[in-house]
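Enquirer: the following block contains a protein sequence and its predicted model.
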Amino acid sequence: MPRSIQLNSRGELTHLLSTEGLPRAIVLDILSHAKDFLDLDQMTVRNADLLAGKSIFNIFFENSTRTRTTFEIAAKKLSADVVNLNVNASSTSKGESLLDTIDNLVAMRADMFVVRHNQSGAPYLIAKHVNQVAPHIHIMNAGDGRHAHPTQALLDMFTIAHYKGDFSQLRVAIVGDLLHSRVARSDIHALTTLGVPDIRAIGPQTLLPSGLREMGVTPYTSLAKGLADVDVIIMLRLQNERMRGAMLPSPQEYFKHYGLTEEKLRLAKPDAIVMHPGPMNRGVEIDSAVADGAQSVILSQVTFGIAIRMAVMSILNRAKS
Amino acid sequence: MPRSIQLNSRGELTHLLSTEGLPRAIVLDILSHAKDFLDLDQMTVRNADLLAGKSIFNIFFENSTRTRTTFEIAAKKLSADVVNLNVNASSTSKGESLLDTIDNLVAMRADMFVVRHNQSGAPYLIAKHVNQVAPHIHIMNAGDGRHAHPTQALLDMFTIAHYKGDFSQLRVAIVGDLLHSRVARSDIHALTTLGVPDIRAIGPQTLLPSGLREMGVTPYTSLAKGLADVDVIIMLRLQNERMRGAMLPSPQEYFKHYGLTEEKLRLAKPDAIVMHPGPMNRGVEIDSAVADGAQSVILSQVTFGIAIRMAVMSILNRAKS
Amino acid sequence: MPRSIQLNSRGELTHLLSTEGLPRAIVLDILSHAKDFLDLDQMTVRNADLLAGKSIFNIFFENSTRTRTTFEIAAKKLSADVVNLNVNASSTSKGESLLDTIDNLVAMRADMFVVRHNQSGAPYLIAKHVNQVAPHIHIMNAGDGRHAHPTQALLDMFTIAHYKGDFSQLRVAIVGDLLHSRVARSDIHALTTLGVPDIRAIGPQTLLPSGLREMGVTPYTSLAKGLADVDVIIMLRLQNERMRGAMLPSPQEYFKHYGLTEEKLRLAKPDAIVMHPGPMNRGVEIDSAVADGAQSVILSQVTFGIAIRMAVMSILNRAKS
């Protein structure tokens, strides 16, 4: 991911496609802006009219009511007009190409596209294209294939900053199916950018990608060893299709080795926080006692996610084309 | 349905789950508020900005475009932001539990949930849960299984009050498949609360629930006898699955015995009104001449339904958590 | 299509159902109003609050995300409340009749219906019905069967006026499957009304309707002959079901004879414009070099389409019932 595609010639954020290559100053700016939309005492989100009169299109080539909803709420809380497009059911089924679809939506005079696609790189392709034909339009990646999910990573960083303050002393473990996880990739890039010195990947050998060490991540196949003294545990969702696949024996077997139980959580620091991007498979990757326990900050992540998306939208809206 | 779950400690309505146990004063307050949103001369609905900046989530676990639309319009006429969620297609298909889904939607900082579910009691379960984790959120039941459909009952009461004035002298007949009808249950509770002295249930023995007499309702298996001298006739929709089931011989046979024709309508009082919650099966439970006739108030019910939902939303919004 | 159904007793446009019979003055008024919503230098669309507090229902009996989106954006840019209804999935599947569905939506107090239906004449039937029961409601046809697609024709006229100025000297060719095309029908009526002296229909004999000459259109089965010296080329989409049908040998064969290539485009005037209602089948009815070439105005059509729909909505809203 070249840095330039996300930034305009003035160095302003004009698309959010990935946390890879995202400058530290911009990450910190997003985290700081998100705070403006939160009342942290009451854990409520403030409305603003920063995007009044702007049209935001949620273009979902892959269905995800939950993620679409978070972007829809963020946009509406900023007073934008929101149009939801489930593109599977539409033009692509009529044989229209991705870029023809995008050209048409550009011509409908949108101001921002939130794009979810099951193929890695699709939002990048769209950003490159709109830079040529409609540089005033901003692209937000809402998850593309196995590649990136930058708003999830940013809300994860906000969560860590909220509960842990300083990044420079932290031990962070990411647990589960890192091989197929866009959340894990985006988290690793953001954690690295923010200077986390000890990032760990924990999972069965078959679900750990190669090249982790090159990214500055230490792989562990033992949950017990990997969790030792960590400050932050990011659990990943085990996709249903993996559970039935050849890479894993069974959900029960997986839980036995990599499920986060209260007993295993005790191996981390006593004040370690437990995170999960949702939706959870209780009893597969995480035990209910942990998911609902005192160290879980999973629901705070969701609230912070609204504020993070508001922050990104308002920062993109500020950028000159 | 315990009274307390719908009311807060000050006795204000904080959830609307059922007309059962709903205090008479609150029913009357809703009916009175609904009037504020109507211009009855022109049968139009007034806009208001009472819910500006509030987020209302239509959470439909059971699909119903018609009902969802009435709540969506009511919310938009109050200037609220509306997010529609068809949850079948989403998280629950990913194996997430109902309460995990609700926890996530709560964390997205909604102010009100409109819930439709094919299982009786689901909105009650949700209300109980949000009372613990997010007492500022209000739940409106938009129909749960065979249990309750309180906004339908309230708009039915508004309709009766509009055309008949006083409840204390009325004879009201509910005709059809009362056994499976949440509308009938909710209507009976509301009619009882409002002091209707003569409530009748008319239908084939197989479609009349037991325990009617305990609820103060007189069962009739003869339409002719049941309709004698009534002021109000509430026809129920015969669900398609019932028509093909073992409980009924055929739609034609049903119409012959329980379909409301002009001839049978003459057995009621000359100024009796005919109601139906829609959508109608013309020629099954009701003859077109009656549905479109001078005594039919079926379409007024729909207009009143918008105002009733606006009234309930604005009353819930007023309640302190 | 009788003239009276689209106009009220004062001669104002009260429904837009077809360009057939639409008075020239009204067509020109719509084109002129659309200009008010456009900044043509920047090709942007202006917001306005002309429909604030109004409810527009997009009632789509036939799914079309693209068309629905253009109406939704137009309405939102006019500050209206928009409710999307996909009616296949709803009441009609419960056996409710079309007019019962409409009666219910009328009773929900909508101000305008945008109707898409796979049966020719459905919006006309609806307009006739609301004229009796709710004359304040305006109907916009968003495409009905093979009959009409008036907003597409109006945006096509806007596009031609924008690039060509005067209609009275033009040669316009419509190319492709005119037999099944509601766009072609609506375009022909609009072009005729606006006084275009030379309208041509080009396609294989099997896809040209009879009666073209009676409509003032000259049929051509040779693309080369038909394109000679034209100012405007309107390409039609070849529906997928036609390609597999008995009327055509194959998409490749079709492209060979009727696909618009750069070579064939040279037969038209040097400044001829190329139009297409979208979505395009590249390599079937149109070559990519032409679709993306200097003479293509296909994406401008989309932008103009937003302004045209805003113009129609605001003109309908002005009409007295």
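Expert: That came in fine, so what should we check first?

Enquirer: kindly export the one helix or strand A:Val130 maps to (C-alpha atoms) in PDB.
Expert: Using DSSP states H and E, A:Val130 sits in helix A:122-133. Output in PDB follows, covering the C-alpha atoms of helix A:122-133 (Å, rounded to 0.1, in the frame of the first residue of the first chain):
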ATOM      1  CA  ALA A 122     -10.900  -3.500  -4.200                       C
ATOM      2  CA  PRO A 123     -11.100  -0.200  -2.200                       C
ATOM      3  CA  TYR A 124      -7.600   0.600  -3.300                       C
ATOM      4  CA  LEU A 125      -8.600   0.100  -6.900                       C
ATOM      5  CA  ILE A 126     -11.600   2.300  -6.400                       C
ATOM      6  CA  ALA A 127      -9.500   5.100  -4.700                       C
ATOM      7  CA  LYS A 128      -7.000   5.000  -7.500                       C
ATOM      8  CA  HIS A 129      -9.800   5.300 -10.000                       C
ATOM      9  CA  VAL A 130     -11.700   8.200  -8.300                       C
ATOM     10  CA  ASN A 131      -8.400  10.100  -7.900                       C
ATOM     11  CA  GLN A 132      -8.400  10.300 -11.600                       C
ATOM     12  CA  VAL A 133     -12.100  10.900 -12.400                       C
END
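
Enquirer: so is stretch A:139-146 next to chain B?
Expert: No. Stretch A:139-146 lies apart from chain B when judged by CB under 8 Å from any CB of the partner chain; the minimum separation is 14.1 Å. Just so you know, the C-beta spots here come from the backbone N, C-alpha and C atoms, and that holds for glycine as well.

Enquirer: still on that earlier bit, got the buried residues for the helix holding A:Val130?
Expert: By neighbour count with 16 or more other CB atoms under 10 Å in any protein chain shown, helix A:122-133 contains the buried residues A:122-131.

Enquirer: low-confidence ranges in chain A?
Expert: Within chain A, the segments meeting pLDDT under 70 span A:1-3, A:88-96, A:321.

Enquirer: what's the longest helix in it?
Expert: Secondary structure of chain A read by DSSP state H shows that its longest helix is helix A:298-318.

Enquirer: so how far is that one from its chain's centroid?
Expert: Mean-position distance between helix A:298-318 and its chain equals 11 Å (CA atoms, centre = their mean, to the nearest Å).

Enquirer: element containing the most centrally placed residue in chain A?
Expert: Computing the C-alpha centroid of chain A and ranking residues by CA atoms, centre = their mean puts A:Gln152 first, at 2.0 Å. Assigned by DSSP H and E, A:Gln152 falls within helix A:150-164.

Enquirer: next, the angle helix A:298-318 makes with that helix.
Expert: 120 degrees (axes from the mean of the first three to the mean of the last three CA atoms, to 10 degrees).

Enquirer: counting by contacts, list what helix A:150-164 packs against.
Expert: helix A:24-36, strand A:138-144, helix A:182-193, strand A:232-235, strand A:273-275, helix A:298-318 (3 or more CB pairs under 8 Å, 6 or more residues apart in numbering or on different chains; DSSP states H and E).

Enquirer: looking at the ones you listed, which is buried most?
Expert: strand A:232-235 (a mean of 28; mean count of other CB atoms under 10 Å in any protein chain shown).

Enquirer: that one near chain B anywhere?
Expert: No. Residues of strand A:232-235 are not located near chain B by CB under 8 Å from any CB, the shortest gap being 13.8 Å.

Enquirer: return the nearest residue of the stretch 51-200 of chain A with respect to chain B.
Expert: A:Thr65 (3.4 Å; CB to the nearest CB).

Enquirer: show me what the residue nearest to A:Leu212 when sequence neighbours are not counted is bridged to.
Expert: Nearest non-adjacent residue to A:Leu212, counting by CB to CB, 6 or more residues apart in numbering or on different chains: A:Pro219, 4.8 Å away. Beta bridges link A:Pro219 to A:Ala201 when assigned by DSSP bridges.

Enquirer: what does chain A put close to chain B?
Expert: So far as CB under 8 Å from any CB goes, chain A lies against chain B at A:44-45, A:47, A:63-66, A:69-70, A:72-73, A:76-77, A:240, A:278-282, A:299-303, A:306.

Enquirer: narrow the residues you listed to just the buried residues.
Expert: Buried among these (16+ other CB under 10 Å): A:45, A:47, A:63-66, A:69-70, A:72-73, A:76-77, A:278-282, A:299-303, A:306.

Enquirer: okay, and which of those map to strands?
Expert: Of the positions in these, A:Val45 sit in strands, assigned by DSSP state E.

Enquirer: follow-up on the earlier one: please produce CSV containing the helices and strands packed on helix A:150-164, extended by distance to B:Leu260.
Expert: Shown next, in CSV, are the helices and strands packed on helix A:150-164 (distance: least, CB to CB, whole Å):
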stretch, distance to B:Leu260
helix A:24-36, 59
strand A:138-144, 52
helix A:182-193, 58
strand A:232-235, 59
strand A:273-275, 59
helix A:298-318, 50
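
Enquirer: the one residue in the stretch 151-300 of chain A that gets nearest to chain C: neighbour count?
Expert: Residue of the stretch 151-300 of chain A nearest chain C, by CB to the nearest CB: A:Thr151 (23.4 Å). Neighbour count of A:Thr151, defined by other CB atoms under 10 Å in any protein chain shown: 27.

Enquirer: wait, it sits on A:Met140?
Expert: Yes. Counting by CB atoms under 8 Å, A:Thr151 does reach A:Met140; the two are 7.0 Å apart.

Enquirer: no further questions, thank you.
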